[in-house]
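# Need the 3D shape of this:
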Amino acid sequence: MVVIKQLSIFVENKPGRMARVAKILSDASVNIRALTIAEAGDFGVIRMIVDDPVKGYKVLNNEGFTVSETDVLAIVMKDQPGGLYEIVDTLGKHNVNIDYAYAFVTEKSKRAMLIMRVGERVGDIDKATNVLKDADVKLATKDDLEMV
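Model (predicted):
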């Protein structure tokens with residue numbers, strides 16, 4: 001199974017919180033590859049892919065942040081109209097629910113990447129992986145993300 005580890009950091013929704021997270025990771029030489037921030041009133045969730053999730057988790061946790069690790073898929077998406085549709089339509093037709101997703105495009109590797117968390121039921125990530133592979137959709141590995 002091709003699974004990427006994502007860090008989720010729960011923070012107060014106040015000025016400077018993201019800067020503190022970024023500084024802690026920077027000081028530890030942990031590189032952020034992708035991120036998204038979602039707010040919910042007084043708190044927010046920073047979800048990110050980093051080059052060393054074990055180290056990232058440890059340094060953030062040691063600094064008092066509430067951090068969790070989640071299995072997500074990293075999908076190589078066609079950087080053209082319909083690229084996202086191809087993926088989400090395939091999953092929808094196979095009854096795989098998408099909990100959330102975020103994407104980025106890289107100039108260096110000239111490709112689009114989609115980070116996605118699928119349903120929480122046991123086996124959902126395996127089902128999504130198999131469905132996407134059967135549809136000839138490339139799933140990225142941790143090494144692929146290092147090249148972006």
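# could you show me where the strands are in this structure, in order?
Listed in chain order, the strands of the chain (DSSP state E) span 4-12, 32-40, 43-50, 66-77, 98-106, 111-118.
# Can you point out the buried residues in the first one?
To tie it back to what came earlier, the one meant is strand 4-12. Applying a neighbour-count criterion of 16 or more other C-beta atoms under 10 Å, one finds 4-7, 9, 11 buried in strand 4-12. For every residue, glycine as well, the C-beta is placed using N, CA and C.
# Need the worst-confidence member of those.
Looking at pLDDT alone, the buried residues of strand 4-12 dip lowest at I4, where the score is 89.
# chain center to the helix or strand bottoming out on mean pLDDT in the chain, what's the gap?
For the chain, the helix or strand with the lowest mean confidence is helix 142-146, at a mean of 70 (criterion: mean pLDDT, DSSP states H and E). Averaging C-alpha coordinates over helix 142-146 and over its chain gives two centres that are 12 Å apart (C-alpha atoms, centre = their mean, to the nearest Å).
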